[in-house]
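Enquirer: Build me a model from this:
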Amino acid sequence: MPIFEIVNGWAITIYLNDHLPIHFHAKKAGMSVRFYLDGTFEMEAHGKLSAADRKRLVKYALDNKRKIKEYWNALH
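Expert: Reported below is the predicted structural model:
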């Protein structure tokens, strides 16, 4: 799984041939969160997402929709 970008210590990844809808995975310190381009998310591993990290990652998802879609399309 290629790392797309690092955001405040979170590794942003998009898996090859992953399922729709378009989303990315954010991983840090054993936590994994799936973020969708509308700003919604799902925890994938144990841990608690802090309010500050949630705000940063939601902002990243909303501010970078075009870039994420382009990378998703290049991988799929």
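Enquirer: Longest helix in the protein, please.
Expert: Ordering each helix of the chain by length in residues (DSSP state H) puts helix 51-63 first.
Enquirer: Confirm residue 48 sits in a strand?
Expert: No - assigned with DSSP: H, G, I helix; E, B strand; the rest coil, residue 48 falls outside any strand and is coil.
Enquirer: sorry, back to before: now the helix or strand following the longest helix of the chain and helix 51-63, what's the angle there?
Expert: Per DSSP states H and E, helix 51-63 leads on to helix 65-75 as the next helix or strand towards the C-terminus. Relative orientation of helix 65-75 versus helix 51-63 (axes from the mean of the first three to the mean of the last three C-alpha atoms, to 10 degrees): 70 degrees.
Enquirer: hmm, back to that, now for the longest helix of the chain, which elements pack on it?
Expert: Under the contact criterion of 3 or more C-beta pairs under 8 Å, 6 or more residues apart in numbering; DSSP states H and E, helix 51-63 touches strand 3-7, strand 10-13, strand 23-28, strand 31-36, strand 41-43. Glycine gets a C-beta too; all of them are placed from N, C-alpha and C.
Enquirer: Does residue 49 touch residue 43 like I think?
Expert: Yes - the criterion here is C-beta atoms under 8 Å, and residue 49 meets it with residue 43 at 6.7 Å.
Enquirer: what's the angle from the longest helix of the chain to strand 31-36?
Expert: When the same axes, to 10 degrees is applied, the directions of helix 51-63 and strand 31-36 differ by 30 degrees.
Enquirer: Now helix 51-63: average pLDDT?
Expert: Averaged across helix 51-63, the pLDDT comes to 94.
Enquirer: State the distance from the residue nearest to residue 76 when sequence neighbours are not counted to residue 68.
Expert: Closest residue in space to residue 76, ignoring its immediate chain neighbours: residue 17 at 6.2 Å, by C-beta to C-beta, 6 or more residues apart in numbering. In this view, residue 17 and residue 68 are 16 Å apart by C-beta to C-beta, to the nearest Å.
Enquirer: which one of these two has more residues nearby?
Expert: residue 68 (22 against 6; other C-beta atoms under 10 Å).
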